[in-house]
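A.B. asks: what follows is a protein structure lacking sequence information:
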């Protein structure tokens, strides 16, 4: 069983990973012409501004309680107005992909630290570096699925032909059904490949 200190540290890593994910949306939106996130005070690393009762507390603790091999959660989405973006077609895609790309960069950063520093660190610190990599890879992979309200759906909307109105409406109308199917039937199947990728990036598995 995971020690309380290690579990608390994992939850902190998850919390700040989702906060950085959301803040990156806001910064890219501001750079592309929309200051909404800045106006409502969401361009901050203060986690209190981003916490979501279910996504930031209930869901991660539930995963811990059922012995899930990974931690997952989310923060309140950073608000932005796509009508303010200079590029109405690709601007939303850039804003959306900023979140998963931030998580990928964090995973790569922690994997470099793991490769070079793990032999010099105590087992607890080694484990936390490993968890920092897999948590960010999980967040990136999940958010890249092309269904609303996940980030990946904005790329799908941008590349679908203009005549695909029916498909777009169906994706939005049944978004929660698609999301449940992904959560329970698709996403669990990619956890083990993500764990293996984490091993390749870090060079070890947690002790």
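C.D. replies: Received, thanks. No experiment lies behind these values; they were computed from the predicted model shown. Residues are numbered from 1 along each chain as shown.
A.B. asks: for residue 204, what are phi and psi?
C.D. replies: Here is the backbone geometry of residue 204 (degrees, to the nearest 10): phi -160, psi 170.
A.B. asks: contacting residues around the closest residue to residue 79 other than its chain neighbours?
C.D. replies: In space, and not counting its chain neighbours, residue 79 is closest to residue 36: 5.3 Å by CB to CB, 6 or more residues apart in numbering. Backbone N, C-alpha and C define where each C-beta goes, glycine included. Residue 36 sits next to 26, 29, 79-81, 84 when contact means CB atoms under 8 Å, 6 or more residues apart in numbering.
A.B. asks: pull out the buried members of those.
C.D. replies: Among those, the ones that count as buried by 16 or more other CB atoms under 10 Å are 26, 29, 80.
A.B. asks: residue 3: which of these is nearest?
C.D. replies: residue 26 (35.0 Å; CB to CB).
A.B. asks: how far off centre is the lowest-mean-pLDDT helix or strand in the chain?
C.D. replies: Lowest by mean pLDDT, DSSP states H and E among the helices and strands of the chain is helix 59-65, with a mean of 78. Relative to its chain's centre, helix 59-65 lies at 16 Å (CA atoms, centre = their mean, to the nearest Å).
A.B. asks: which is the next helix or strand following it?
C.D. replies: As assigned by DSSP states H and E, the chain's next helix or strand after helix 59-65 is helix 91-117.
A.B. asks: so which elements touch that following helix?
C.D. replies: helix 4-31, helix 123-143, helix 152-159, helix 187-202 (3 or more CB pairs under 8 Å, 6 or more residues apart in numbering; DSSP states H and E).
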